[in-house]
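> Pasted the sequence and its predicted model underneath.
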Amino acid sequence: MSDIQLPITGGCICKAIRYSASAPPVGSRQCWCRDCQYFGSGSSTVNVIFNTADVTITGELRTFVSLADSGSTVTRGFCPTCGTPVTSASSARPHFLILRAGTLDHTGIATPAMNIWTDSAPHWAHLDPDVPSTPAQPAALPASR
């Protein structure tokens, strides 16, 4: 994730939700958990992880709260107008905010550094053998950069 231009910006397809990140992401992962397969319309989600304090969101997100396989409560934010999934946050890691890679204005920074929950991936999923993988929840990222 080098050569990142700040601020990092993005939002939903109808532009009702916009965000700006003042610092680079702390990680990027491709998630194959069953919940992400629902939100990804059958595929995985690609998630870019930021320190919550570094992200400003404008517009009103609607949220959906669920219990994840990890046991954490996950709050997902989406645009109530166009339905675009924009954010995700775990009760276990409130200092991090996930932004969906497809909502970035410049998606090139979203190269996944890890595939997670691969045991839940469908048999047809392509998992790049050069990207580290874990069958379930990975170890937590450090709280600071």
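Everything's here; your move. Numbers count the residues shown, from 1 in each chain.
> you'd agree Arg93 is up against Ala140?
Yes: counting by Cβ atoms under 8 Å, Ala140 is a contact partner of Arg93 at 6.4 Å. C-beta coordinates here come from the backbone N, C-alpha and C atoms, glycine included.
> Have a look at those two and say which one is more surrounded.
More crowded of Arg93 and Ala140, by other Cβ atoms under 10 Å: Arg93, with 15 against 10.
> who's in contact with Asn47?
Listed by Cβ atoms under 8 Å, 6 or more residues apart in numbering, the contact partners of Asn47 are Ser28, Arg29, Gln30, Cys31, Ser88, Ile98, Leu99, Arg100, Ala101.
> Of those residues, grab the buried ones for ChimeraX.
Remark: buried members of the contacts of Asn47, expressed as a ChimeraX selection using 16 or more other Cβ atoms under 10 Å:
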select :28,29,30,31,88,98,99,100,101
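> Make JSON lines from the contacts of Asn47 and add secondary structure to it.
Output for the contacts of Asn47, formatted as JSON lines (DSSP: H, G, I helix; E, B strand; the rest coil):
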{"residue": "Ser28", "secondary structure": "strand"}
{"residue": "Arg29", "secondary structure": "strand"}
{"residue": "Gln30", "secondary structure": "strand"}
{"residue": "Cys31", "secondary structure": "strand"}
{"residue": "Ser88", "secondary structure": "strand"}
{"residue": "Ile98", "secondary structure": "strand"}
{"residue": "Leu99", "secondary structure": "strand"}
{"residue": "Arg100", "secondary structure": "strand"}
{"residue": "Ala101", "secondary structure": "helix"}
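> Helix, strand or coil: sort out the residue in the chain sticking out farthest from the centre for me.
The C-alpha centroid of the chain is most remote from His123, which lies 22.5 Å away (Cα atoms, centre = their mean). Here His123 takes the coil state, with states given by three-state DSSP.
> any idea of the pLDDT on Asn51?
Per-residue pLDDT puts Asn51 at 97.
> Hmm, it is touching Phe96, no?
Yes: at 6.6 Å, Asn51 counts as touching Phe96 under the criterion of Cβ under 8 Å.
> so what's in contact with these two at the same time?
Shared contacts of Asn51 and Phe96 (Cβ under 8 Å, 6+ apart): Val26.
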